[in-house]
Structure formats: structure tokens, C-alpha cells
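# Pasted the sequence and its predicted model underneath.
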Amino acid sequence: MSNTNERYLLDVEKISIAFGGLKAVDDFSIKIKKNELYGLIGPNGAGKTTVFNLLTGVYHPDTGYIKLDGEDLTGKKTIEINNAGIARTFQNIRLFSNLSVADNVKAALHHKYSYSLLEGILHLGKYGKVEKETEERAYELLKVFELDQYAEYKASQLPYGKQRKLEIARALATDPKLLLLDEPAAGMNPQETKELMDTIRFVRDNFDMTILLIEHDMKLVSGICERLTVLNFGHMLCEGETKTVLNNPEVIKAYLGD
Amino acid sequence: MSSFLSYLISGISLGSVYAIIALGYTMVYGIAKMLNFAHGDVIMVGGYIAFICFTELGVPPVICILAAMIGCLVLGVVIERIAYKPLRGASSLSVLITAIGVSYFLQNSALIIFGADSKTFTSLISIPSISLMGGDVIISGVTIASIIACIVIVAALMAFINKTKAGQAMLAVSEDTGAATLMGIDVNRTIALTFAIGSALAGIAGVLLCSAYPTLSSQTGAMPGIKAFTAAVFGGIGSIPGAMIGGMVMGIVENLSKAYISSQLSDAIVFALLIVILLVRPTGLMGKNIQEKV
Amino acid sequence: MKTGSKTLRSNIITYGLVVVFYIVMQGLYMTDNLSSLMEGLMVPLCYYMILAVSLNLVVGISGELSLGHAGFMCVGAFSSAVFARLVDEKIPGMAEIIIAILIGAAFAAIFGFLIGIPVLRLKGDYLAIVTLAFGEIIKNLINAVYLGVDANGLHVSLKDTKSLNLLEDGDIIIKGAQGIGKLPRNATFTIGIILLLITLFIVINLVNSRQGRAIMSIRDNRIAAESIGLSVSKYKLTAFVISAALAGVAGVLYSHNLANLQATSKNFGYNQSIMILVFVVLGGIGNIRGSMIAAVILTILPEKLRFLNDYRMLIYAIVLIAMMILNSAPKVVAWRKVMAEKYFPHKGKINEPGEA
């Protein structure tokens, strides 16, 4: 039994959380294989973002477990979970708005490119070398998202679509095994969404990334996700291959209402 | 034992005054989400109004107290209108600095008008004192007045907030200003009303404070203001019962430590207590815990 | 508006301003062109600038409201003054002040650490009130302490000088509310400027390091910062402790500029903390150079306005309120934006291709 679970990068079994008696997420399980592009869909208020918050340690599940690459992350703090290899973006964009675009990415490179506080204050020792490497790596990442030309601008000055891209770049900078994207296409026009789909595919292929995304845009979901889980009122409605799931009458009913 | 009782009772008396001041802080914070640093100085103005009415004009005490209340009420509303209202929606730091500016303004105006020498305040309270335990413990008239005033005010405020439309509007604004606006509540008027009530209470507190500690100067309100603010935070800022409990605890602890530990260190002990409470309950004794939505 | 490329030039301007300030003041002083008032302000200007820059690290860079900065200054002042009295001119003045600075900074840092660990869990206004409480506690404690030294070592009491039980040759160092007397007064303008430059060096370098980025990331968005693995408490504490240590340095400068050191509500009370906060806010939150300039103007101005007597602080209060409203009232800010758009169109925003 445990052997079959080893195949999954993310192994979540029956996690639940209640807020004041209301079960926001109930017995949620998800198994994602390495390099998979997986979608989590469902109507508004179904508990999708709560699942992300559970996976990233913002909330701790009342029951069940969360394993990444065999490592048990249940009950761990956000920081520990990020260090273990889960990075995310947010539904309502959360950039470091007063920092430059480049610094947003550099902040996420904090642990990978390191020197001591004393070296940081005196600008001596490893400071120069490491800062140069940090800068190079940050620009590399920005280039992927075609943001390098805006590197010196404040993050808040970027237009909306580019802010979403910057959030993905920042999450990738922590070198995660699993990337969680919370409604990456929200507020984008069809052209931007199409570009975004290409970017997500590119990230998966070139960074050898496993991606779990929440999305309402069915074009994006059916266009790039290989498998889906549908959430409704905190419960799992169904899961499986994208095509099968989207043709499931129950899913259609949940979306369109009775 | 009897001396302990005396200290305890005068502690409750001081605590009642702190509680009345703390109510002003807590209501304004709950509704306008700002630290009104000038609140303590409104107390001082209340003291001066009562002083002029009583000592210089010879007006009966009840009228003096009313004059102090009305004077402070008007002052509070004017301050809100001129200094704070334009800054609604600005960062809390800018509002804080503005409040500090208002505080300086009031203190220095008083300094110019009344001079640097402190005035001796004649107590306005003519309630006879009660003697207990065969004369070992004497409860002064001011003490009785302070305690009764505090209880009446807290009860009246709770009733006002829970039973009246204006009170419900206050509650709504403190919960969610945006939603209150959508429901047709006039937020500006509600905030002005809050300042009016809080400042009128400061007027009463001024009279009580100066009756108990009869020196009046431009600095009179500063330290009690800070301590009452501490009491409001201690009790859980935004909570009316919290302000009362906080004020009481502050007053009692301050008086007992003055009596039994060190008068030099009593303020330090009071502030240390605040820190300890906030570490155990980060939003005060009766404060609500708000979690940021992710 | 680009950020990074201008940083270096901006820093050079900041250091340059300090050097020019030094040369001008020192020149005026040497040629006897400085009024006695300004002469007396030379060292205070230095410590006020250090205080403003260091508080900006907490308020501007780390985004936490502290109203207890004067408390750390007090710790630095008293720890270094006790040291000065203990060595009692047995070592040369220059060596004394250098060691005193290290001691003041270390003590203030320790206090910053001890108060910071529990307190930084609190947010916003709660943090403000607790730091205020801390400052008052320090001031009160020092006013209650008696400290003496004799052949047996140090003696401490919270009661009076008698209960120190000193030997006959004993020396009372801290005399309760009377504070510490017979101090060396060996602080100079040059030392003050050097300390200011060191403060600037530390703060500016920190801002441009990975630790500084972490501190500012946490300020801008705590939840996002945690999501990329940054420890909120660690970096908030880092900023707080460094800021406290630098305030301690300002305290050393303060105590070494006086013959008698006392802790009053005027020099170490919450009003002083607020005054430093006003420097930071009026100078522009997060703007290091601005807070220095504000510190200089707001220190000199009230002194120059002494002829107004009692009206001086009243005017100061009105100016403060007016400045805040003109600076931050949403309506005024919106009007300024409209005006800026009218005269300097399309500055700052990146236009989408195809968007006019």
C-alpha cells in the first residue's frame, strides 16, 4: 500500500478543517504525480483557496495528512512548508509592492543565495559575489516571464497581468517541487490568458515542475490541465481525467445550479 | 487590614476615573480606528472650565460639571471636524501624529491662557464622606462620586449602544465601515457622535480627577490620559466593559503598589502589567481576535 | 520611476550632505561665526539625526510603530555614563568614549532583544502602546535606582543612598532621581558626525542586503513573505535590535555631552519618543535623508523661535497638524495627483502596448 503512494509527489489524504462548526473542507484527498499539471475547480465558496491554505500551513488540518515527496508536512508552519518545496501565488495578488520587480524575486532567493548579517551590514566577505549571483538568477527568472525590462520598476507599477506573472516568478525563485497557482488567469483578457497558458506549460516543461492550480476559466482548465478534482461545498465531487470530469453531469449541475 | 482597605478603595476611585477616560479612548478607537492622543488633554480642558465656573464665577457645582461636559463635547467635535476628518482614509501613522499635534496645541493653549503656575482646584463634590470600621476607613465624597459616576456611565453607554438606533449604528461602523455605509448609515455623523460622547465623558473625568487631586496645570491630563489609554488597551480596546475593568485594575494596582512597593516605581509596575497582559492575550482582556484573510 | 539604478547616487548624496554639513558647521565654529545657541546644538543635532535615522529603520523599513525609542536612548546614556564614572578618567578620553559607545550600543541592543522577542508578536497600535510602556518603565526604573561602588564592588538599591552600605571610600554613582553627576563631557561634534556616518552606513547597507530585502518584504506583505520562506519574527527582531543599538549610541553621545545626567520625562519620556517619530514622519517614512533633514530643521526651528516665548510650541503644534493634513489627507493627495498628471503626464505607470 505504502509503495503505491511513493509514486505521488503530493499525497494528501482526507484532510478536513472546520471554522466554528462549519466544515469548510471535508475529507479532501488529492494525489498528484511528479510533473503533472493538475486543476482544482469548483463553484465560488467551494473551499478551493482553503485547500491551498491547508497545503501551505496557513491553516492546519483537523484530520488527515499532507505528504510531499514522502515527507510529512501535516501541521508544519508556512515557512517550513516552503523550505520543504511548496510555493504558491495568491488569488488577490500579494506582491511586495514597494520593492522593485527584481527585488521581489531576489527576496525569494533569500535562502538559496546566502551570507551573514554582518557581511550584509558591512558589504564585505561573500556579499559582493553572492549579490551578483542573486542578481543574475533573478534576471534569468524575470526573462522567462518577459519581465526583465521592468526589473527596476516598483512592483506596484506593473499592470495587472504582469503582476500575476511576477508572483509566479517569485514563487519559482524559491525552487519548489510543487507550485500552487490560485486563479492565475483572474482578471486577464483572452489574449493574456492564452499567453499565460503558454507560460504555465513552459514552466512545467523547463523547470520540471509539478503544478496544482485553481481556476474558473474553463478554457484554461481544459486547455492545460491533465487531471482535475472538483470541489463543491467543501466536499470532493469527483476527480479524474480532465475530459471525463468536465462531461460529468454532476459537475455540470454544480456549476449551473439546479 | 483597614489601611489596605483604604488603599483599595482609593484605588477603585482612581480606577473609576481611569475607566471613564478609557471609555473615550476605546469608543473612538473602536469606531474611528485611531489613537486619539489628545483625549487626555481634553480632560485638562474640562478641569479648567469647571475651575473657572466654580472658583472665578461662583456658579453652582452641578452647572459647573455640565459646563465642563458641554465645553469638552464641543471641543471634541471641533477637533474631530478640523483635524481628524480630513485625514479619514490616510495612514494610521499620519492620524497619530496629527493627534499628537492636537495634544501639543491644547497643552500650549492652556499654558498661554492660564500661565505656567498650577491652580489649586476646589473640589466640586459635596457628598459627605462615609466612615467605616469605627472610623478606621474613611471613604471620601469624591470617591463615592467617582465610583457611582463610573457605574452609571458604563450602564448608560451599554444601554445606549444596545437599545438605540444611533448606538446600533456605532456598533455597525465599528464592525465594518464599508458595510455600514452601504446600509445607509451616516459614518461621518456616527464618528462625530462618538467624539461628542467620549469628550463629554472626558469633561466629567476632568472634574473628578481634579476634585481628587487638586492641582490643575496644562500637564494635568497627559499622564492620566496615557494611563487610561493603557487601561483601554489592557481591557481590550473597543470593548466598553473591557475599558471599565482595565481602568479599575490600573487604578487599584497603581495605588497598592504606591502604598506597598514604591511610589517611585508604581507607574513602572502598571506599565509592566500591561505588557504581561498583552503577551498573554495580544488583544487585551476582552478584545476580539481578528485574523487576516488569505 | 526606477528604483535600483538611482540608489547608489542617492546614497552618495546622503553621505555627501552630512560631510558638507560637517564642514560648514565646523568652519563657522572655527571662525567664531556660530552663535552660542548653535554651538550648544552641534552635538544634539548629531544625536537627534542618529535617533531619527535609527527609528526610521523600525518605522519606515520594518513598518512597525515604536513609541519607545527614547527608552533605548536612555539605556545607552545611563550604561555609558556608569562606565564613564567607573573608569573615572583613568583612561584617555578618546579610548573612554569609544568603549562607552560599544557599551551603550550593547546594552541598548540587549534591551531591544529582550523587549523585542515578546513584543514583536503584537501588531500595529498594540506594539506602539507596549513600546511606549517600555520607555516609561525604563525611565521610572532608572529614577528609582541607587548605584554605588567601593572596594567590594558595585552596590545597588531601590531605596536610598544609605542602604547601599558603601565603605567609607565608596563612591555613589547613580543617586536615584538626581541621576549621575561628574561626567566627563568629552563628546565632540566630530565624534557625533562620525557616529552619524556609521549609523547611515549600517542602515543604508542593511537596506541593500538580503536581510534588508527580507525586512522590507515582510513589511509589504507578511503572508507573502512567509510563503517564500522568510521568518517574520527573525527579521522584525533584527531591525528592532539594530535600531535599539543605534539609539543607544545616540544616548552615549547625549550622556557624554552633559555634566549631569538625569532621566526626566523631557529627555527620555514618551514625548521624546514622539518627537523622534515626528522627525521620521515629516521627513518621509522610509526616507533616510528626509528624516535627517527633518531632525535638523525641527531641532533648530524651535530654538530660533524662542523669542516667541510661549507661542513657540503652539505654532509648532499648528504647523504639525497643517503639515500632516497637507501631506496625507486623501483629498489633498488626490488633488496633488491630478495636478501632477496635468503637468507631468504618464510618469510612473507602465502602459500596456496598445494602451494610449
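Received it, and whenever you're ready, just let me know what you need. Quick caveat, the model's predicted, so the values are computed rather than measured.
# Can you get me a residue count around residue 243?
With no chain named, the answer covers chain A. Look at A:Lys243: counted by other Cβ atoms under 10 Å in any protein chain shown, it has 10 neighbours. For every residue, glycine as well, the C-beta is placed using N, CA and C.
# could you do chain C instead?
C:Ser243 is flanked by 30 other residues according to other Cβ under 10 Å.
# Double-check it against C:Gly112; I have them as touching.
Yes. Using Cβ atoms under 8 Å, C:Ser243 is in contact with C:Gly112, at 7.1 Å.
# Please enumerate the shared neighbours of those two.
In terms of Cβ atoms under 8 Å, 6 or more residues apart in numbering or on different chains, C:Ser243 and C:Gly112 are both contacted by the residues C:Phe72.
# Low-confidence bits of chain C, can you list those?
For chain C, applying pLDDT under 70 flags the ranges C:1-5, C:345-356.
# Where do the helices of it begin and end?
With helices called from DSSP state H, chain C shows them at C:4-30, C:36-56, C:69-87, C:93-119, C:124-144, C:189-207, C:210-220, C:222-227, C:232-255, C:265-268, C:270-283, C:288-304, C:311-328, C:330-343.
# Tell me the buried residues in the shortest one?
This means helix C:265-268. For helix C:265-268, the neighbour count (16 or more other Cβ atoms under 10 Å in any protein chain shown) marks C:Ser265, C:Asn267, C:Phe268 as buried.
# Can you tell me the closest non-neighbouring residue to B:Asp41?
Spatial nearest neighbour of B:Asp41, excluding adjacent residues (Cβ to Cβ, 6 or more residues apart in numbering or on different chains): B:Leu106 at 3.8 Å.
# quick one: secondary structure of that neighbour?
Secondary structure state of B:Leu106, per DSSP: H, G, I helix; E, B strand; the rest coil, is helix.
# which residue packs closest to C:Thr14, ignoring adjacent ones?
Of all residues not flanking C:Thr14 in the chain, C:Arg289 sits nearest, at 4.6 Å (Cβ to Cβ, 6+ apart).
# The one you found contacts C:Leu17, correct?
Yes. With contacts counted by Cβ under 8 Å, C:Arg289 reaches C:Leu17, the gap being 6.7 Å.
# Settle it for me: which of these two has more neighbours?
Comparing C:Arg289 with C:Leu17 by other Cβ under 10 Å, the one with more neighbours is C:Arg289, at 20 against 15.
# Which single residue of the stretch 1-150 of chain A ends up nearest chain C?
Nearest residue of the stretch 1-150 of chain A to chain C: A:Gly120, at 3.3 Å (Cβ to the nearest Cβ).
# Please report how far that residue lies from C:Asn221.
To C:Asn221, A:Gly120 is 21 Å away according to Cβ to Cβ, to the nearest Å.
# more crowded one of these two?
More crowded of A:Gly120 and C:Asn221, by other Cβ under 10 Å: A:Gly120, with 26 against 20.
# Give me the mean pLDDT for the host helix or strand of that one.
Secondary structure from DSSP states H and E places A:Gly120 in helix A:117-122. Taken as a whole, helix A:117-122 has a mean pLDDT of 96.
# Show the contacting residues for C:Phe21.
Listed by Cβ under 8 Å, 6+ apart, the contact set of C:Phe21 reads C:Ile193, C:Val296.
# and the gap between it and chain B?
To chain B, C:Phe21 is 26 Å away according to Cβ to the nearest Cβ, to the nearest Å.
# Now do that residue against chain A, distance only.
Applying Cβ to the nearest Cβ to C:Phe21 and chain A gives a distance of 24 Å.
# go on, C:Arg213?
Going from C:Arg213 to chain A by Cβ to the nearest Cβ gives 5 Å.
# so how many other residues sit close to that residue?
Neighbour tally, C:Arg213, other Cβ under 10 Å: 27.
# surely it meets A:Lys106?
Yes. With contact defined as Cβ under 8 Å, C:Arg213 counts as touching A:Lys106 (5.8 Å).
# Please report how far the residue in the stretch 1-150 of chain B positioned nearest to chain A lies from chain C.
The minimum distance from the stretch 1-150 of chain B to chain A, using Cβ to the nearest Cβ, falls at B:Ser91 (13.0 Å). To chain C, B:Ser91 is 6 Å away according to Cβ to the nearest Cβ.
# Could you check the pLDDT of that residue?
The pLDDT attached to B:Ser91 in the predicted structure is 85.
# shaky segments in the stretch 151-258 of chain A?
By pLDDT under 70, the low-scoring segments of the stretch 151-258 of chain A are A:256-258.
# Just the helices from it, written as ranges.
Ranges of helices in the stretch 151-258 of chain A, per DSSP state H, counting those that start in this stretch, are A:160-173, A:190-206, A:218-224, A:242-247, A:249-256.
# The shortest one - contacts with which helices or strands?
Under the contact criterion of 3 or more Cβ pairs under 8 Å, 6 or more residues apart in numbering or on different chains; DSSP states H and E, the helices and strands touching helix A:242-247 comprise helix A:218-224, strand A:227-232.
# Let me know which of these is the nearest to chain C.
helix A:218-224 (20.2 Å).
# For residue 100, report the pLDDT, please.
Went with chain A since none was named. Reading off the confidence values, A:Ser100 has pLDDT 96.
# Hmm, no, I was thinking of chain B.
Listed pLDDT for B:Ile100 reads 91.
# distance of the residue lying closest to it once chain neighbours are set aside from B:Ile204?
Excluding the flanking residues, the one nearest B:Ile100 by Cβ to Cβ, 6+ apart is B:Phe37, at 5.0 Å. Per Cβ to Cβ, B:Phe37 is found 20 Å from B:Ile204.
# where does the residue of the stretch 1-150 of chain A found nearest chain B fall, phi/psi-wise?
Closest contact between the stretch 1-150 of chain A and chain B, by Cβ to the nearest Cβ, is at A:Val58 (5.1 Å). Per-residue torsions, A:Val58: phi -70, psi -40 (degrees, to the nearest 10).
# wouldn't it be in contact with C:Ile223 here?
Yes. Shown here, A:Val58 and C:Ile223 form a contact pair, counting by Cβ under 8 Å, at 7.4 Å.
# If you count surrounding residues, which of these two has more?
Under the criterion of other Cβ under 10 Å, the comparison of A:Val58 against C:Ile223 puts A:Val58 first, with 20 against 17.
# Surely C:Leu320 touches C:Leu277?
No. Between C:Leu320 and C:Leu277 there is no contact under Cβ under 8 Å: 11.3 Å.
# the more surrounded of the two?
A direct count of neighbours by other Cβ under 10 Å for C:Leu320 and C:Leu277 places C:Leu277 higher, at 29 against 21.
# From C:Gly112, how far out is the more buried one?
From C:Leu277 to C:Gly112 the distance is 17 Å (Cβ to Cβ).
# Same check on C:Asp160?
Remark: distance between C:Asp160 and C:Gly112 (Cβ to Cβ) = 31 Å.
# just C:Ser328 next, same as before
Per Cβ to Cβ, C:Ser328 is found 29 Å from C:Gly112.
# The two: who's more crowded?
The neighbour count for C:Ser328 versus C:Gly112, taken as other Cβ under 10 Å, is higher for C:Gly112 (29 against 20).
# Near chain A, which residues of the stretch 201-350 of chain C are found?
Taking Cβ under 8 Å from any Cβ of the partner chain as the measure of proximity, the stretch 201-350 of chain C contacts chain A at C:202, C:205-206, C:208-214, C:216-217, C:219-221, C:223-231, C:238, C:242, C:286, C:348-350.
# Now, of those, which are buried?
C:202, C:205-206, C:208-214, C:216-217, C:219-221, C:223-231, C:238, C:242, C:286.
# Look at residue 84 and say how many residues are nearby.
Unless you meant another one, I'm taking chain A. A:Ala84 has 18 neighbouring residues, counting by other Cβ under 10 Å.
# hm, I was asking about chain B
24.
# Same question for A:Lys34.
By the criterion of other Cβ under 10 Å, A:Lys34 has 14 neighbours.
# Does the residue nearest to it when sequence neighbours are not counted fall in a helix, a strand, or a coil region?
Nearest residue to A:Lys34, sequence neighbours excluded (Cβ to Cβ, 6+ apart): A:Leu9, at 4.5 Å. Three-state assignment for A:Leu9 (three-state DSSP): strand.
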